[in-house]
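Undergrad: Just need the structure, nothing else, for what follows:
(chains A and B)
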2 protein chains.
Amino acid sequence: MKATASANANIALIKYWGKRNEELILPQNSSVSVTLEGLKTVTTVDFDKKYKKDNFTLNGKKISGEPFERIAGFLNIIRKMAGSGLKAKIFSKNFFPTATGLASSSAGGAALALASSKAIGLDLNKKELSLLARRNSGSASRSIEAGFVEWEKGEKEDGTDSFGKQVCDKDYWPEFRIIAGVLNEEEKKTKSRPGMKQSVQTCPFYKVWVENSEKQAKQIKKFIPEKKFTKLGELAENNALMLHSVMFNTILPIVYFSGKTVEMIKAVRKWRASGLECYFTIDAGPQVKIICLEKDIPEIKRKLKGIKAIKKIYICKPGDGARLINKHLF
Amino acid sequence: MKATASANANIALIKYWGKRNEELILPQNSSVSVTLEGLKTVTTVDFDKKYKKDNFTLNGKKISGEPFERIAGFLNIIRKMAGSGLKAKIFSKNFFPTATGLASSSAGGAALALASSKAIGLDLNKKELSLLARRNSGSASRSIEAGFVEWEKGEKEDGTDSFGKQVCDKDYWPEFRIIAGVLNEEEKKTKSRPGMKQSVQTCPFYKVWVENSEKQAKQIKKFIPEKKFTKLGELAENNALMLHSVMFNTILPIVYFSGKTVEMIKAVRKWRASGLECYFTIDAGPQVKIICLEKDIPEIKRKLKGIKAIKKIYICKPGDGARLINKHLF
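TA: Next comes the predicted model:
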C-alpha cells in the first residue's frame, strides 16, 4: 500500500487565474503550460491501518494548519474513490528552491495524485490522474503530462472534461527553454487562491481576461506544433501582462511586481529590440521567467550576469510528466 | 496686438487616455483634475504684420519640427476664429522642471489659448477658452479653470460641449495637496498622443476603461465638494492602475513604469497601511505623485527623505486658472 511518484513543475504560457467552481477547482479559462525538466517533487504515500490519522511531511517538516487541511481534503476524495477508510502517511520533497516563482504546487499536486492513487490501489489513466490532481491544485492538472500541455477549461458542471491534455511531447521541441532567474526578493504576500477569487469578484477587466485568454490558449496550441517561436513568445508576454493588469485592478489591488520585476521586463524588451529573441512571463510573484531557444542561452546568460538583482538562474527544457518510481522516501 | 497669460499645470485624478475624434481632440471619457499652484507657464503672443511667419520660442529655445507644427496648426484655428491672417511671435516659459511628469503641456496649452486669443482681439469667456485650449492639448482644457476641474467628454460631434468646468474653486479645499517627487529617471519614450491612439485601437480592456473612468469621473465629482478624501484617494489610485493596465495591454505594450515607480507604489501602500493616509497617481511617465492632506506633509516628507531614488519634491496645493498678466516676455 506504499507508492512513490515524481512530477515536474510546469510554467504556464497562457495563465490560469480564477475559478468558476471553487470546490471542484474548475477554471474560468483554458491554460497552456510547459512541464519543466529537473524541477521535480518526489512524493511517497503509504495507506495503512497502523496510521491513526493522516500525516504530511514536506521537505522534512511536518505540515499542519491550512496546508495540511488541503491535503487531508484531497485524501478524502481519494478514499471515497477507492471505498477505503485508511489513513495515510505522506513524505514529499521538492528538488528545487521554494519561493522562486517556480510553481512547486503543480509538481507536488501531480506527484501526490499519482502516488496516492497507486498506493490506495487505484489504477488511473492520465486523464483520470489529471482530473484528480486538479482537485488538489489547478495547475497540478497540467503536470501529469510531459512537454506542452493544455488544461482545457471544459464545459461540464461536474468537471469531468476539465483536465490536462498533451499538445506536444517533450522531445518535439527540444530547443525550447525557460530560464527562471531568481531575484533577490521576498516571497509573495497574497496567496493565489484568495487572490484569484477576488479578481473574479471585483476586477472590471475580468470578463475580457477570460475571453482573451481562451482565445490565446487556442492560438498558442497551434503555434507549438508549428514551432512558431515569435508568435508564441509575443502571445505569452501579452498574456502575462494581461494577468498582472487583472491583478492590479482587483479590489484591493494585487501587486506581485517588484521594482526588479519591471527592470527585468524592460531588460528583456531591450535585448529583443537589439536582436536577441527572448520573451518574459510572470506568475503570481515578483520572479520573471525568460522564454527562449537553446541557441541564445549563452548570450542571455552573459546578459543576466550583468543584472545584480539576480542571485541564481535555472535553465529548463521541456520535461517528463508524473511517473512512478521505485525508491521510496520512507 | 500683444498679450501675456499665465496658467498652471493640472494633475488628473481621473485620467484622459484616448480620443474619439483626433482632429478636434475629443476624449473617449470625462476626466477630473486639480490645477496646481506654482507649476506655471507664462506665454506672450504677438500678432503683427511685421512677422513673415509664425515663430515659437520655449524656455529660450526656438522650436521647430512637429512641436512647432502643432503650435502653427493651433494658430490657424485662432486666425480663422478672428478672421485674421497675421503671423505670430510666441515666447513661452515654464516655471517648473520639464520631464517631472508634471504636465507642462496642460499649462502651456491654457496659457497659449488665453494669450493668443487676447492678442488677436478675441474676448473669450472661460468656456470658450477651454474649448480653444482643448484644440492644442486635451489636458489644457482643464487648466483654464482654478481648483478642481472636470473635462466633460461631451456628446456633440462638433465638440462644443467638451470643455473644462470647475467642480470646486481652489480655496474650497485648501488642505488638499499633491506631492510630485522627481525620480531619477529618463524621460518617457512613447509620447502620449500616439500611445493613446494605439490603446484605443488595440487594447482589449479599452472599452472597460472608458466605461469605468466615466463612472469614476461622476463619483469623484461628488467626493470633492463633500471632501471625502479617502473615497477620492482610493478612486484616483484605482484609476491610475487601470490606466497603466490599459497601457500594458496595448500593442505594442506601453510600459511607463520603471522599477522605482513600483517601489514608490509599494511604499505609499505600506505607509497607508500603517495609518499615514496618502494615495498615489501616475501619468504617462515613471513619476509617482502623492495625493495627501496638509497635516500629513511633514511625515510624508520625512519618509520621502529615506527614498534614495527621489531627487527633489514639489508640494502643490490647488491653484489658479489661466489669467492675463501685464509683464510681457519680450
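Undergrad: Which residues of chain A lie near chain B?
TA: A:204-205, A:207-208, A:211-212, A:237-238, A:241-242, A:244-246, A:248-249, A:251, A:253, A:255, A:257-263, A:265-266, A:269 (C-beta under 8 Å from any C-beta of the partner chain). Bear in mind the C-beta positions are built from the backbone N, C-alpha and C, glycine included.
Undergrad: and if we set it to 6 Å?
TA: A:204-205, A:208, A:212, A:241-242, A:245, A:248-249, A:253, A:257, A:259, A:262-263 (C-beta under 6 Å from any C-beta of the partner chain).
Undergrad: how far away is A:Lys295 from A:Pro174?
TA: 12 Å (C-beta to C-beta, to the nearest Å).
Undergrad: ok, now A:Gly154?
TA: In terms of C-beta to C-beta, A:Gly154 sits 30 Å off from A:Pro174.
Undergrad: These two: who's more crowded?
TA: A:Gly154 (18 against 11; other C-beta atoms under 10 Å in any protein chain shown).
Undergrad: Model confidence for the more buried one, exactly?
TA: Here the pLDDT value assigned to A:Gly154 is 97.
Undergrad: ok, now the one 10 residues further on?
TA: pLDDT, A:Gly164: 98.
Undergrad: With A:Phe176 instead?
TA: 98.
Undergrad: Tell me what the residue nearest to it when sequence neighbours are not counted is bridged to.
TA: Spatial nearest neighbour of A:Phe176, chain neighbours left out: A:Pro318 (5.7 Å); criterion: C-beta to C-beta, 6 or more residues apart in numbering or on different chains. Beta bridges link A:Pro318 to A:Leu36 when assigned by DSSP bridges.
Undergrad: Sketch out the low-pLDDT regions of chain A for me.
TA: A:97-101, A:103, A:185-188 (pLDDT under 70).
Undergrad: A:Tyr305: neighbouring residues, count only.
TA: For the record, residue A:305 is Lys, not Tyr. 10.
Undergrad: Can you tell me how far it is from chain B?
TA: 19 Å (C-beta to the nearest C-beta, to the nearest Å).
Undergrad: That residue: what's it in contact with?
TA: Listed by C-beta atoms under 6 Å, 6 or more residues apart in numbering or on different chains, the contact set of A:Lys305 is empty.
Undergrad: Next, give phi and psi for it.
TA: Main-chain torsions, A:Lys305, degrees, to the nearest 10: phi -60, psi -30.
Undergrad: same thing with A:Ala267?
TA: Dihedral angles (degrees, to the nearest 10) for A:Ala267: phi -60, psi -50.
Undergrad: can you tell me how far the nearest residue to it once chain neighbours are set aside sits from A:Ile313?
TA: In this structure, A:Ala267 finds its nearest non-sequential neighbour in A:Ile307, 6.6 Å apart by C-beta to C-beta, 6+ apart. Per C-beta to C-beta, A:Ile307 is found 10 Å from A:Ile313.
Undergrad: How about A:Gly85?
TA: Taking C-beta to C-beta, one finds A:Gly85 at 47 Å from A:Ile313.
Undergrad: quick one: which of these two has more around it?
TA: Comparing A:Gly85 with A:Ile313 by other C-beta under 10 Å, the one with more neighbours is A:Ile313, at 16 against 9.
Undergrad: residues contacting that one?
TA: A:Ile313 neighbours (C-beta under 6 Å, 6+ apart): A:179, A:181, A:304.
Undergrad: What about the last one, how many residues nearby?
TA: For A:Leu304, the number of neighbouring residues by other C-beta under 10 Å comes to 16.
Undergrad: Give me the phi and psi for it.
TA: Dihedral angles (degrees, to the nearest 10) for A:Leu304: phi -70, psi -30.
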